[in-house]
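Visitor: everything below, folded, please.
(one chain, ligands or ions: 1)
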Amino acid sequence: MVTLVGGTLLTVFKLLRTYIRLQYTQGSISEFITESEFGHDWSLNLRRDPRTSKLPQLLSLLQSIGATPPNLDAAEDTICWSLSKDEHFTVKTTYDHLLGNEENVENFPTRLIWNHRIPPKIFFFTWTAYLNKILVLDNLQKRGHQLANACYFCLRNEECANHLLLHCPYTREIWAGILPQFGWCWPFARTFALFLQGWNCKGLTTQGKRIWYFIPAAIAWGV
Ligand SMILES: [Zn+2]
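Guide: Okay, the predicted model is just below:
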């Protein structure tokens, strides 16, 4: 029997899906443990060598499950949500955990994306654009599609989310038409995510802020 720690579950699942052989996905934890005269040890049976970039995650996984496997017994595997006292999953404990993880949420532009005044399909699109997951040619190529990659507007650059939503000369004209030109400085961030994180509404009235928060989503959706 083994217990997976709730906070590391996503990492564990991603790694399992990528590296563990498919036939083990329905298996038991005991299948990943080998016993010998020297004791017992983890045997993850990776189907391919992990990339260097994945090694920290694998190390993190080993730290989570412990260097030494649990003793084998006849009990069935269980998954416990260690962030809750009763070990049952709750959204609140997940949310609290994420809030405690500054890397995930410190600069997330909540008001620009999860804005209840914006139609769901638009704020969902803004969210996927923030994560650089929208289906521009660049991302389609990464998914294996064989496509010629040129920006639909300018035909001069590759079509990636950051170019399409920020840096394309045609898109810049739209931004220039919306943003104040005098007395304001608008350095365009390298990525759409950084741009949203720096979206500034200081000095605006309450009504002005409401409108101001619409603009990035409206332009991204319009483009
Ligand atoms: Zn372009």
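
Visitor: only C-alpha atoms for contact and neighbour calcs from this point on.
Guide: Noted.

Visitor: domains of this protein?
Guide: Here the domain assignment for the chain is 9-75, 110-222, based on the TED database.

Visitor: deepest-packed of those, please.
Guide: Burial of those is given as mean neighbour count (mean count of other CA atoms under 10 Å); domain 110-222 ranks first at a mean of 15.

Visitor: contacts only, for the spatially most central residue of the chain.
Guide: When CA atoms, centre = their mean is applied to the chain, the residue found nearest the centroid is residue 131 (6.2 Å). By CA atoms under 8 Å, 6 or more residues apart in numbering, the contact set of residue 131 is residue 193.

Visitor: which pLDDT value goes with the residue in the chain sticking out farthest from the centre?
Guide: Ranked by distance from the centre of the chain (CA atoms, centre = their mean), the top residue is residue 37, with 43.0 Å. The model reports residue 37 with a pLDDT of 79.

Visitor: now do residue 19
Guide: pLDDT for residue 19: 58.

Visitor: residue 105 now?
Guide: Here, the pLDDT recorded for residue 105 equals 59.

Visitor: same question for residue 1.
Guide: Value listed for residue 1 in the pLDDT field: 35.

Visitor: with residue 54 instead?
Guide: 69.

Visitor: around the ion, which positions in the protein sit nearby?
Guide: Contacts of the chain with the ion, taken as CA under 5 Å from the ion, map to 151, 153-154, 168.

Visitor: which one of the residues you listed is nearest to residue 143?
Guide: Closest approach to residue 143 among the residues of the chain next to the ion (CA to CA): residue 151, at 17.8 Å.

Visitor: so for the closest one, what's the nearest residue that isn't a sequence neighbour?
Guide: Excluding its sequence neighbours, the residue lying closest to residue 151 (CA to CA, 6 or more residues apart in numbering) is residue 159, at 4.3 Å.

Visitor: which strand or helix spans residue 34?
Guide: Secondary structure assignment for residue 34, by DSSP states H and E: strand 33-36.

Visitor: that strand: partners in the sheet, and parallel or antiparallel?
Guide: If you go by DSSP bridges, strand 33-36 pairs up with strand 39-42 (antiparallel).

Visitor: show me the contact partners of the longest helix along the chain.
Guide: The residue-count maximum for a helix in the chain (DSSP state H) belongs to helix 206-222. Helix 206-222 is contacted by residues 111-113, 118, 122-123, 125-126, 165, 174-175, 196, 201 when judged by CA under 8 Å, 6+ apart.
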